[in-house]
Structure formats: structure tokens, C-alpha cells
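K.L.:
just coords:
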């Protein structure tokens, strides 16, 4: 009797997917998330808890290396699900089905487990998971006086912290493989305890390389405006659907990061409904209930106010909606969704430039990334995650070579 | 002999209730009935490889992972299942409190031992959470003990023949429920295992380690709910049904409430909560003790 084989097959129907998204693959990510939600699979939060690695889009450079590392970190039984950006909903479902049958194949899983020596840990700063690899040790300084490298890892340096204590400094990359995190974003941080002392923004995934400029580099959230500009007939209603979807997607990430799983799931369901051409009345009715619940939550208000305040009035190209703190931005997204839902059936031609994240031609996400390091410096990890989620920069908008912001 | 049977019954009851809590949790998360999901997850973890990190402290990890369900079960030993507990200690309330503080050790050891950033941050977070919830929690327990004039859990139940403590000590009961969430790092008090740090303390655990951790967490939540019954909800007292079934019904009700709350509320961060707990919760529960003291006199 093959007990472990039976357990394996029994468990295969409920895998824990870890979804990694490359830039320019928002569309297929939405399809994958919707299908995973429909099947009731609970996503994993870290490689150790995952059994499926779902990669949306085509990772390049640093992201490709991160994906390899993460795949290596996932314990067998496991299955790899690459989804290229042009996949349809049916193709995504078929890929996931195929992954389930690979998970249920006891013999192949055993062979894989024997063939690849799993879990040989590789030296990285602080043993940090995160998924990003370090490109050598250059640039961080402090290792001239090398005090030995246990396990191939640099010893932590010391430095004064905000309370005047000398605490260890760890170099920890946030992203690119992190749940509810913008695709392709990496924030290189210097941590003391859980307080960020320094932050630097990088892009992993190829947007900064030559590939970013090629024709396949789609900007999913800005598509209606770009299409209208190229002369295609686009209605205001179609653009409003995209705006509402974008706002709900950002809200879902923010709420999930804030630990409100129930509201985040409802935001995702609404997002899929509105992008899936759901009828206006039904979407509006459900949205109103959702917005009331989120808008009235005192706990949420208490947790989000006075975080990551942006007050610069002019002087920067930060879009207007990003001003204020995390709570202000949350309210703005709720209001923005409601406004977009009101004009879903508008058939007049689209003639403005106001995409979900600001003027489409202005590449507003570049400005968001530019202010990010300043906002993150001095923030605790939890606050930093909320700040990033509240701004939710769209790296598809970022032009090659435009980003490395320090703080 | 009788004690062995009682211990086996306790373990079985905890296992069933914890599995029920996991099934309810999975159903709420999936948005549909998903009772079989925890079983499948357990099967998956049983056949999954154990993850190794760079330079871990394996003994500490083992102590931490196995310590979590252990302290939960030990804390449950003093709770009466019907009329009798497995161990009817004269200082049962203190024993419960002492065992439950063992969770601090377990989480910290896991967070520290795997030598990874996010689990370490999770461990730190739970210590901060401990500083925030433990004092109000102890005062809430003391309110119940003071009302009964005894630290024996059976005496606390007996003292509620006339009126449940939850009714005339509402502040202590409310504080107990908050601290029950906090000790099981559940729902709004889940910062130690938060999604913002990739799952926090158990982020590097896979396979059997993760299974024991998850089982321990659901058991802890069950025990925290079960303790509310003898301390505040009259224990096994109730019409028609025998005491054990009332204990069960009340435990399930509290447990369902806590699991549901976990999906309805966002996470409370300790940097904000710390001020509230010291400036509001502790004074409020101290006033509660004062009122209880005057009534008892």
C-alpha cells in the first residue's frame, strides 16, 4: 500500500499557489488570480508554504534569477506554471489543471525530489527570503573589515538607530516575490530591527532593459487611453471599467496588506466582475455594500491615518490623488471607483487622458517611485508595506532607464 | 485510570474542535463550504519535504514548533470539560496563564531559529504584542478569580450559579476576548504571522513543521475560546442538557465568533495599539477589578 502516494494524490486538488508577476503581464495575472479564487485555492505567502509556482509573464534579468531561487526554495511536491502574457482564461485554467495532475504524479515528484538536492541553502544577507538575489556585495560597504563569513554570509554591520542604540543592520530586498506587491518592484532596504534606515528602488523584470520598449510591452491599465490615442474607437464606459478595475485591484492589495482578508477578497471579486463586463446595477449594488463596510471601519481608519504623508504642493509631478496619507489615498480610491462605476454605460467617445493613476502621457508611476524611498526611510516594515500598497505604482508605465531612486 | 480517560477525551475534543475551526476558517476564506480543505492541507504537508535554511538553530526550532501545541494542551488541562477537569489544580487560573505565556517562547524560538528576516520580525512583533495584551489579560483573569474568591477553575464556575461573570463583568469579558485573539495571534492580532511579512514566524516552515505549527495555532485558539466558558460563561451550567454538552456548545460559539472576527477585521498594529492598551484597556479593567472587589465585599 502506497500511503504517501495516496496522500499526495488526495492533496493535489488543493495546492497552494505562489503567484509571481513580471512587468507587462497584468492581464494574465488577473486571469490567474480570478481562476485561483474561483477554485477556492488559498495562495501561499512564502515559498516554504507553496506547492505551485505560477509565473505570469516573462521574467527577465533579476526577476528571472529571483524566480529560479524561489523555485529552488519550494519543497517537493511542487509544480511550475509559466503563463505567457497572451494566455486566455481557458488556457490559464488548462495550465492549472495540468499542474494539478503533475502534483498528483507520485513517481515524477519523487524523482524530482531525488534529482534536485532540495534546500541546499545559498548564502544571502541575513538568510533573508524575499526571493531576490544579491548581485555580489558591491555597493553596500562595510565589509573591508571582514569579520568572517559564516556560511558565506556577511556578518551584519552595526550602526546607530533612531533611538540612539547601536543595532545590527541587515540588507534586505523587499520584493520582487512578495504577496500583494507591485510586479517587478524591488526596494533594497537597510533594516534595523523592523525599521527601514535606507531604501533604494530598483526594477526587476526587464522594464529597464531593451526589451521594455518592444511592442509586446503592454500597459494593461492604460490600454483604453493608448488605444484612443492611436485612433481606435473607445467609449468612456470602457475606460471607466478599466479605471474601476484598477482602483479595486489596488484596494484589494492594500486591504490584504492591512490584514483584512475578507474585504480584500470581495475587492478582487468586484474587480473581476467589473472587468468581466458584469452588468452595472449588480456591480454598483455590491460595490456600495463593500465601500460602506470599508469606509466605516474605524479600525482601518485608526491603522491607516498619518502614514506615508505626501504634502508637496507642486514642485513634483506626483499626481494629485497621491497627496495626503495612506488613509486619504484609500478614500480617494473608493471615491474614484464609485465615480467610474457611475459612467460604465457611457457610450460617448473617450477624449481625456485621465487614466487610473493619473494622466496617461505623464507616466505618473515614475513620480510615485521617485518619492517612495523618502517615504519609506524611517518607516517600520508594516507601515512601509502599507505605503507601497497605497501608492501601488504600475511598473508597466515606467520607461526604460527612468528609475533608480535612493533615499 | 479516570484521569487517563479524561486526558484522552480532552485531546480528542481539542483535535475535533481545532479541525472544526480550521474548516470554518477555510470556508470563510474560500467563500464557500470547504470543510475538507484542512484535511487536504494536512495531507499535503505530511508528504512535503522539510525546508532547511542557511545556518538554522535546529534544536531551538524543534522546541518552538513542538512547544506551541504542547503549551496549548497543557493550558487546557485545568479547564473543566463537564464537571471535572483533567487536572483540577487549586491555582488553575494561574496555571492557565503561565502555560499560555509559553506561546511567547515558542514563537520567538521559531522566529529566531530559522535565521531569516521575516520570521525574526514576526518574533519581535509577538513580543511587542505580548507587552500590549498580557497585563490587561492578567487583570481580566484576576477579575474572574476575585469574583469567585478562588484561583481554582471549578470554584470560578461554581461562583457563577446565579449570574454569569460575562454579564456583570462585561469589561473583563471583552478584554478577555481581545486577549484571546492576541494569545492565539489570530485575526486582528495576527501581526506575528501577518501577510505583510510573507507569513512572519512560520514563513520558513514547510512539511511536518508547518503542519504542527498550524495545528498548534488552531488548538491555541480553541483553548483560548474554551477558557472563556468556565471563566465568564457559567461553565457547564444550562437547562436540560448535561454540563459537558453546554460546555461544548458555549466553546463552539466563542470559537466561531473568534474565527469569524478574523475575517471581518483588519490587523491591529502594535505601534498604534500599545498606547490604547496602556491608556484605555488597563485602566478600564482595573476599574472593573475595583467594582468586582466592592461587590464581593
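P.N.:
Yes, it's here. Remember, predicted model here, so these are calculated numbers, not experimental data.

K.L.:
quick check: mean pLDDT across stretch A:397-407?
P.N.:
For stretch A:397-407, the mean per-residue pLDDT is 67.

K.L.:
kindly report the same for stretch A:297-311.
P.N.:
93.

K.L.:
start and end of that stretch, how far apart?
P.N.:
Taking Cα to Cα, to the nearest Å, stretch A:297-311 runs 25 Å from one end to the other.

K.L.:
is chain A within reach of stretch B:12-19?
P.N.:
No: where contact is defined by Cβ under 8 Å from any Cβ of the partner chain, no part of stretch B:12-19 touches chain A; the two come within 15.1 Å at best. In short, each C-beta sits where N, CA and C put it, glycine included.

K.L.:
now that stretch, how far from the chain's geometric center?
P.N.:
14 Å (Cα atoms, centre = their mean, to the nearest Å).

K.L.:
same check, this time on stretch A:373-381
P.N.:
The answer for stretch A:373-381 is 18 Å, by Cα atoms, centre = their mean.

K.L.:
how many neighbours does residue 50 have?
P.N.:
Because you didn't say which chain, this covers chain A. For residue A:50, the neighbour count with other Cβ atoms under 10 Å in any protein chain shown is 24.

K.L.:
sorry, should have said chain B
P.N.:
14.

K.L.:
one more: the one 3 residues further on?
P.N.:
Residue B:53 has 23 neighbours, counted by other Cβ under 10 Å.

K.L.:
ok, now which ones touch residue B:139?
P.N.:
B:172, B:175, B:282, B:285, B:286, B:288, B:289 (Cβ atoms under 8 Å, 6 or more residues apart in numbering or on different chains).

K.L.:
ok, now residue A:159?
P.N.:
Counting by Cβ under 8 Å, 6+ apart, residue A:159 touches A:166, A:167, A:169, A:192, A:197.

K.L.:
most neighbours out of those residues, which is it?
P.N.:
residue A:169 (23 neighbours).

K.L.:
residue numbers of the stretch 1-150 of chain B in contact with chain A?
P.N.:
B:26, B:28-32, B:34, B:37, B:40-41, B:43-44, B:46-55, B:114-118, B:121, B:124-125.

K.L.:
where does the residue of the stretch 151-300 of chain A found nearest chain B land in three-state SS?
P.N.:
For the stretch 151-300 of chain A, the residue closest to chain B is residue A:259, as judged by Cβ to the nearest Cβ, at 2.7 Å. Recorded secondary structure, residue A:259: coil (DSSP: H, G, I helix; E, B strand; the rest coil).

K.L.:
how about the contacts made by it?
P.N.:
B:188, B:190, B:191, B:194, B:195, B:196, B:266, B:267.

K.L.:
please identify which of those residues is nearest to residue A:305.
P.N.:
Of all these, residue B:266 has the smallest distance to residue A:305: 12.9 Å, by Cβ to Cβ.

K.L.:
and the closest one, its phi and psi?
P.N.:
Phi and psi for residue B:266, reported as degrees, to the nearest 10, are phi -70, psi 170.

K.L.:
what's the answer for residue A:20, then?
P.N.:
phi -120, psi 130.

K.L.:
residue contacts, it?
P.N.:
Per Cβ under 8 Å, 6+ apart, neighbours of residue A:20: A:53, A:54, A:55, A:56, A:59, A:63, A:66, A:67, A:70, A:131, A:176, A:177.

K.L.:
what's the distance between residue B:48 and residue A:108?
P.N.:
Distance, residue B:48 to residue A:108, by Cβ to Cβ, to the nearest Å: 15 Å.

K.L.:
likewise for residue A:334?
P.N.:
47 Å.

K.L.:
the two: which has the busier surroundings?
P.N.:
residue A:334 (19 against 15).

K.L.:
I'd guessed that one sits against residue A:254; true?
P.N.:
No: using Cβ atoms under 8 Å, residue A:334 makes no contact with residue A:254, being 10.6 Å away.

K.L.:
who's in contact with residue A:15?
P.N.:
By Cβ under 8 Å, 6+ apart, the neighbours of residue A:15 are A:41, A:51, A:52, A:79, A:99, A:100, A:103, B:44.

K.L.:
7 Å - rerun?
P.N.:
A:41, A:51, A:52, A:100, A:103 (Cβ atoms under 7 Å, 6 or more residues apart in numbering or on different chains).

K.L.:
same deal with residue B:138?
P.N.:
Per Cβ under 7 Å, 6+ apart, neighbours of residue B:138: residue B:97.

K.L.:
gap between whichever strand or helix holds it and the chain center?
P.N.:
In the assignment (DSSP states H and E), residue B:138 maps to helix B:117-148. Helix B:117-148 sits 11 Å away from the centroid of its parent chain (Cα atoms, centre = their mean).

K.L.:
so for it, mean pLDDT?
P.N.:
Mean predicted lDDT for helix B:117-148 stands at 94.

K.L.:
what residues sit buried inside it?
P.N.:
By neighbour count on 16 or more other Cβ atoms under 10 Å in any protein chain shown, the buried set for helix B:117-148 is B:117-126, B:128-130, B:132-148.

K.L.:
dump the residue contacts of the spatially most central residue of chain B.
P.N.:
Central residue of chain B (Cα atoms, centre = their mean): residue B:224, 3.3 Å from the mean position. By Cβ under 7 Å, 6+ apart, the contact set of residue B:224 is B:180, B:183, B:184.

K.L.:
state the pLDDT value of it.
P.N.:
96.

K.L.:
again, but for residue A:176
P.N.:
Reading off the model, residue A:176 has pLDDT 90.
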